[in-house]
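Colleague: When you get a sec, could you give me coordinates for this:
(4 chains)
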Protein chains: 2
Amino acid sequence: MPEPDLPAPKRRGRPPAGGREAILDATLALLHERGVARLTTREVAERAGVSDASVYYHYVDKAGLLRAVFEAGVAPLRTLSLAGLGEGEPREVMTALAEAIERFLDLTLPVIMAAQSDAELRESLAAYMQEEDLGPHRGVQALGRFISEQQQAGRMRDGIDPAGAAVLLVGACFLRSSQRQIMGKGTRSLPSLENVVATLDDLLAA
Amino acid sequence: MPEPDLPAPKRRGRPPAGGREAILDATLALLHERGVARLTTREVAERAGVSDASVYYHYVDKAGLLRAVFEAGVAPLRTLSLAGLGEGEPREVMTALAEAIERFLDLTLPVIMAAQSDAELRESLAAYMQEEDLGPHRGVQALGRFISEQQQAGRMRDGIDPAGAAVLLVGACFLRSSQRQIMGKGTRSLPSLENVVATLDDLLAA
DNA sequence: GTCTATAGGTTGATAGAC
DNA sequence: GTCTATCAACCTATAGAC
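Modeller: Okay, here's the model as predicted:
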C-alpha cells in the first residue's frame, strides 16, 4: 500500500505519469457523472489514461479506490471548524460561516451520499469519520462557541442554548445544500441563505 | 405495464401469490441491507420467492423496479404537510411536527440517498418529485404558515420571517436524521430534538 | 402470471512481461 | 510502476412452455 504521499517525493516536474492522482481525479469525476452504481474500474482507467492494472496496483481493489476518494472528498471538513471565525458583526460572521459550510457541503455531500449506496462503503466511511471525529457536530460546535462568546459580550440575547441555536443554522445549510443536489438547481422554493441568516440574527439579537 | 392497482382487483384471499408486492418489499429490504450498488434482480427474486422473470414481467426492467420503490418510499411525503398542525401550545405543535418530520425522514431518506448513486435514477426521482411538488419546502411551508398564524395571534414575536424560521427547524430535523443514517446511531453529539425545539421556541416566544 | 433455461455482455481482478 | 492479455463470475434480460 504505497500511501505515504505526505513528504512530497522530490522530483523536478510531475511524477512519471501522475498516475495515482489521475486515477483519483477520474474516479471523482465519474462519480459525479454516473454515480457509484455505474462506476467501473475500466472506465476509471480509461479516463485517467492508464491501464486497468494500474488502478489495482495503486488501490488494491475497487473498495480501496473508493475509500481513497471518500477520504479525499471529506478532507475539507477538517479545515472548517478550526478557523477562529474572526471578529466582526455577528451577522457577518454567521453569513461567512454559513457560506463556507454550504460551499464544502456542495463538494462533499455528493461523495457522502454516494457512499450510502453500498453497505460496506457506508460502514467504512462512517468508521473513518468517527475515528477522525468528523461530522456536522464540528460546525455546530464552532458556531456554538461563537454564539456563546457573543452572549457573554452582551451582543446576543442571553438564556438561549448556543448549541441548540447552532444546529438550527447548520441544519438549514445542510438542508439547502442537500436539496440542491437531490432536486437539482431548478428548485428555488427554499428561502435564501441570506434570508435564513438574517432571520436567526434577528432572533438572537440582544 | 400492469399499473392500475387502484381499484383493488376483487379477490377472496390474497392474490395468486402476492408477487408484485413481495417483490417491492424484498427490494426495499435489500436496498437497506446492501445498498443499490449491490442490489441484483436475482436476489430480489429469490427473497420475494418468485422467479427472475416475474420481476421483469411486473416492472419491465431494473430501473422500473427501482423507480417503483422510490415512488413508494417517497409517498409518505404527501401526507405530511396536509395535517392541520392542530391547536395547542406552540412548543407542543412544533415538537409534534418536528417528530413527524424526523420519523418519515428516517424512512424516506435512505431511499432518496440510494437514488443518488445512479445518475439516471437521480434524475428520474428528481423529476418525479418536481412533478408531484414534493420536497422539503412542503414542511417549510406548513411550519411557516403555523408560525405566521401564531404571530398574528400575538403568541410569537413579530417582525420575524416565518419561512426563514421554518427552514431553521426543518433543516435541523433533516440534519439530525441524515446524521443518524450516515454515521450510525453511535453518534450522539448533536443536540436532542427536544433541545432544538425548545431553543427555537425560546427564540420565537413573544 | 409464473416458471425454467439460457443467451449475451460486463466486470472485478490476476499473471507475467517490460 | 505500467502495460497487455485473459479468466472466471455474475448480472440483466429474453424466449418459450405451462
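
Colleague: Briefly note if stretch A:57-75 comes near chain B.
Modeller: No: figure legend: stretch A:57-75 not in contact with chain B (C-beta under 8 Å from any C-beta of the partner chain); closest approach 9.8 Å. The way it works is simple: take the backbone N, C-alpha and C, and place the C-beta from them, glycine included.

Colleague: Tell me the buried residues in that stretch?
Modeller: A:58-59, A:62, A:65-74 (16 or more other C-beta atoms under 10 Å in any protein chain shown).

Colleague: got it, and stretch A:171-189?
Modeller: Result for stretch A:171-189 [16+ other C-beta under 10 Å]: buried residues A:171-183, A:187.

Colleague: quick revisit: from the buried residues of stretch A:57-75, which land in strands?
Modeller: Among the buried residues of stretch A:57-75, no residue falls in strands (DSSP state E).

Colleague: restrict these to those near DNA strand D?
Modeller: Contacts with DNA strand D are made by residue A:58 out of those, judged by C-beta under 7 Å from any atom of the strand.

Colleague: Tell me the helix or strand right after the lowest-mean-pLDDT helix or strand in chain A.
Modeller: Ranked by mean pLDDT, DSSP states H and E, the weakest helix or strand in chain A is helix A:76-80, scoring a mean of 78. Downstream of helix A:76-80, the first helix or strand assigned by DSSP states H and E is helix A:90-115.

Colleague: which secondary structure elements does that following helix contact?
Modeller: Judged by 3 or more C-beta pairs under 8 Å, 6 or more residues apart in numbering or on different chains; DSSP states H and E, helix A:90-115 is in contact with helix A:19-34, helix A:62-74, helix A:76-80, helix A:119-131, helix A:136-152, helix A:162-183, helix A:193-204.

Colleague: what's the most buried one of those?
Modeller: Greatest average neighbour count among the helices and strands packed on helix A:90-115 goes to helix A:162-183 (a mean of 25), per mean count of other C-beta atoms under 10 Å in any protein chain shown.

Colleague: so it versus helix B:193-204, what angle?
Modeller: 100 degrees (axes from the mean of the first three to the mean of the last three C-alpha atoms, to 10 degrees).

Colleague: Run the angle between helix A:162-183 and helix A:90-115 for me.
Modeller: With the same axes, to 10 degrees applied, the angle from helix A:162-183 to helix A:90-115 works out at 50 degrees.

Colleague: right, is the least confident helix or strand of chain A up against chain B?
Modeller: No: Helix A:76-80 does not reach chain B (C-beta under 8 Å from any C-beta); its nearest approach is 12.2 Å.

Colleague: Alpha carbons only: can I get that helix in PDB?
Modeller: The C-alpha coordinates for helix A:76-80 follow below in PDB (Å, rounded to 0.1, in the frame of the first residue of the first chain):
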ATOM      1  CA  PRO A  76     -12.200  19.700   3.600                       C
ATOM      2  CA  LEU A  77     -14.300  19.000   6.700                       C
ATOM      3  CA  ARG A  78     -11.100  19.100   8.700                       C
ATOM      4  CA  THR A  79     -10.300  22.600   7.800                       C
ATOM      5  CA  LEU A  80     -13.600  24.100   8.700                       C
END
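
Colleague: Packing partners of that helix?
Modeller: Packed next to helix A:76-80, using 3+ C-beta pairs under 8 Å, 6+ apart, are helix A:90-115, helix A:136-152.

Colleague: please redo it, this time with the cut-off set to 6 Å
Modeller: Using 3 or more C-beta pairs under 6 Å, 6 or more residues apart in numbering or on different chains; DSSP states H and E, no helix or strand is in contact with helix A:76-80.
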